[in-house]
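**Q** okay, sequence plus prediction incoming.
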Amino acid sequence: MQTSSHVLVLNCGSSSLKFAIIDPRDGRELLSGIGESLGESAPCIRWKCGDTKAQESLESNAGHTEVIQFLVGQILSQQPALKEHLAAIGHRVVHGGEKFSHSVLIDQAVINAIQECSALAPLHNPAHLLGIDAASRAFPDLPQIAVFDTAFHQSMPRHAYIYALPYSLYRDHGLRRYGMHGTSHRFVTERAAEILNLPLNEVNLISAHLGNGASITAVKNGQSVDTSMGLTPLEGLVMGTRSGDVDPGLLMHLGNHLGFSIDKINNLLNKQSGLQGISELSNDCRELEQAAEQGHSGALLALEIFCYRLAKYIASYYAPLGEVDALVFTGGIGENSSLIRQKVMEYLGGLGYRLVPERNLQARFGEEGAISADDTPMTLVIPTNEEWVIARDAAALVPPDRPCHDALTRE
Ligand code: ADP
């Protein structure tokens with residue numbers, strides 16, 4: 001009997017490669033790990049299989065190919081059952097431009113299209129292509145599937161994604177709002193529909209994914225109709241080290257009056273701003289909460305601005321949605337920080353939001369739950385699981401003529 005039923009999920013960043021073997025039927029993680037500091041002097045790989053954790057140094061300058069070779073040659077060779085049960089490889093791809101509104105089986109045309117979108121995600125898409133190439137060589141018999149961060153937002157209407165710039169910039173160069181974190185927003189949308197017992201195509205949500213990167217999405221009838229990230233992940237909410245929305249005039253001022261180069265402005269907005277920039281302490285919400293408790297004024301201000309700006313976005317999404325079935329918090333901060341959730345909901349009191357403190361404290365560390373008071377707008381905490389979405393999409397796209405297809409798609 002054919003038993004291949006697991007998916008290797010790969011998430012290639014510019015200097016890291018995260019991997020996981022997932023059972024797409026229930027999201028169970030059988031192996032997970034990360035190769036870090038790739039292309040640098042001291043790269044290493046860490047992994048976890050069951051209760052066993054291990055790590056090894058890699059050769060200086062080792063890259064994505066070497067991590068996959070290590071995965072196959074060292075880790076999976078000791079776990080032959082894991083390798084035998086692999087049926088597909090799912091790749092997270094940050095930018096699919098306007099070409100991809102769904103996940104796809106990778107062929108040469110898809111590779112070319114990912115390459116063409118590289119200008120829109122210069123740090124990520126080239127790394128994804130390295131991962132796709134290395135995985136295709138290491139697993140030549142397995143289908144490879146691309147799952148795009150931008151795909152869920154392709155349903156946005158034109159009035160939500162066109163910037164108020166000369167239209168030719170969109171027509172000739174594709175400069176528009178694309179949005180990111182789509183895989184996470186899609187996961188919580190599907191889960192919220194289940195929790196609320198509503199058909200997916202009838203659910204209206206505001207989904208706040210709050211991690212180091214943060215974005216918020218208005219979901220109408222199960223589809224994204226607006227989102228806070230734009231052409232790049234810099235637009236929108238305050239993030240760990242990213243500024244989110246600023247006056248574009250500020251950039252001219254930095255250049256013309258303070259002599260900043262484009263590279264310096266890029267670094268400032270992406271790496272030195274957000275929670276880190278305001279607090280002058282840390283980009284890490286947990287650390288800021290601890291410092292705020294001791295009265296650190298930078299930490300207090302950073303958390304306040306983070307919550308205020310988030311609350312303003314939430315309120316603004318009543319415009320595209322009209323009726324909202326639930327506000328959903330997810331991502332490392334959304335899933336764990338009862339303080340952030342409490343502050344945001346205080347700002348939203350005028351819209352009727354109110355939480356129950358005990359429910360808010362309980363919905364942490366992986367616990368899903370409703371935190372709102374009865375008869376107030378429904379507010380949910382839903383731990384996200386992007387790897388599971390990638391594994392499910394990969395499983396669904398395994399060609400029907402492949403022997404593993406039935407085992408993969410069986411409930
Ligand atoms: P990434 O975008 O890198 O995937 P995560 O989704 O893991 O990030 O979120 C990381 C953020 O979550 C950090 O700011 C971290 O401090 C915050 N976080 C994690 N656990 C807690 C917690 N218990 N309380 C407050 N913040 C938390």
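**A** All right, it came through fine. Not measured: the values here are computed from a predicted model. Residues are numbered from 1 along each chain as shown.
**Q** residues of the lengthiest helix in the chain that come out buried?
**A** Scanning the chain for the helix with the most residues, using DSSP state H, yields helix 297-316. Buried positions in helix 297-316, judged by neighbour count with 16 or more other CB atoms under 10 Å: 298-300, 302-303, 305-307, 309-311, 313-314. The C-beta positions use only the backbone N, C-alpha and C, and glycine is treated the same way.
**Q** now the residue in the chain that the ligand sits nearest to, nearest residue through space, not along the chain?
**A** Nearest to the ligand, among the residues of the chain, is residue 332, at 2.1 Å (CB to the nearest ligand atom). Residue nearest to residue 332 in three dimensions, not counting chain neighbours: residue 211, with 4.6 Å by CB to CB, 6 or more residues apart in numbering.
**Q** surely that neighbour meets residue 336?
**A** No - contact criterion CB atoms under 8 Å: residue 211 and residue 336 do not qualify, at 10.2 Å.
**Q** and those two? which has more neighbours close in?
**A** residue 336 (22 against 18; other CB atoms under 10 Å).
**Q** which non-adjacent residue is nearest the more buried one?
**A** Of all residues not flanking residue 336 in the chain, residue 364 sits nearest, at 5.1 Å (CB to CB, 6+ apart).
**Q** give me the neighbour count for residue 123.
**A** Residue 123 has 12 neighbouring residues, counting by other CB under 10 Å.
**Q** my bad, should have said residue 136
**A** Residue 136 has 15 neighbours, counted by other CB under 10 Å.
**Q** got the buried residues for the helix or strand hosting residue 186?
**A** Counting by DSSP states H and E, the element that carries residue 186 is helix 182-196. Within helix 182-196, the residues that count as buried by 16+ other CB under 10 Å are 182-189, 191-193, 195-196.
**Q** that one and the ligand in contact?
**A** No - using CB under 6 Å from any ligand atom, we find that helix 182-196 stays clear of the ligand, coming within 8.8 Å at best.
**Q** rewinding a little: I figured the residue nearest to residue 336 hits residue 333, correct?
**A** No - contact criterion CB under 8 Å: residue 364 and residue 333 do not qualify, at 11.0 Å.
**Q** neighbour-wise, which of the two wins?
**A** Per other CB under 10 Å, whichever of residue 364 and residue 333 has more neighbours is residue 333, with 26 against 16.
**Q** and that one, what is it in contact with?
**A** Each residue near residue 333 by CB atoms under 8 Å, 6 or more residues apart in numbering is listed here: 210, 211, 214, 285, 340.
**Q** which of those fall in helices?
**A** Among those, DSSP H puts 285, 340 in helices.
**Q** who wins for most neighbours among the contacts of residue 333?
**A** When neighbours are counted by other CB under 10 Å, residue 214 leads those with 29 neighbours.
**Q** what residues are bridge-paired with it?
**A** Bridge pairing for residue 214 (DSSP bridges) gives the partners residue 210.
**Q** returning to what we had before: format the contacts of residue 333 as CSV; extra columns: pLDDT and distance to the ligand.
**A** Below are those laid out as CSV (pLDDT from 0 to 100; distance: CB to the nearest ligand atom, whole Å):
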residue, pLDDT, distance to the ligand
210, 98, 7
211, 95, 3
214, 97, 8
285, 97, 4
340, 98, 7
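**Q** between all of the contacts of residue 333, which two are separated the most?
**A** Maximum pairwise distance in these, criterion CB to CB, is 11.8 Å, between 211 and 340.
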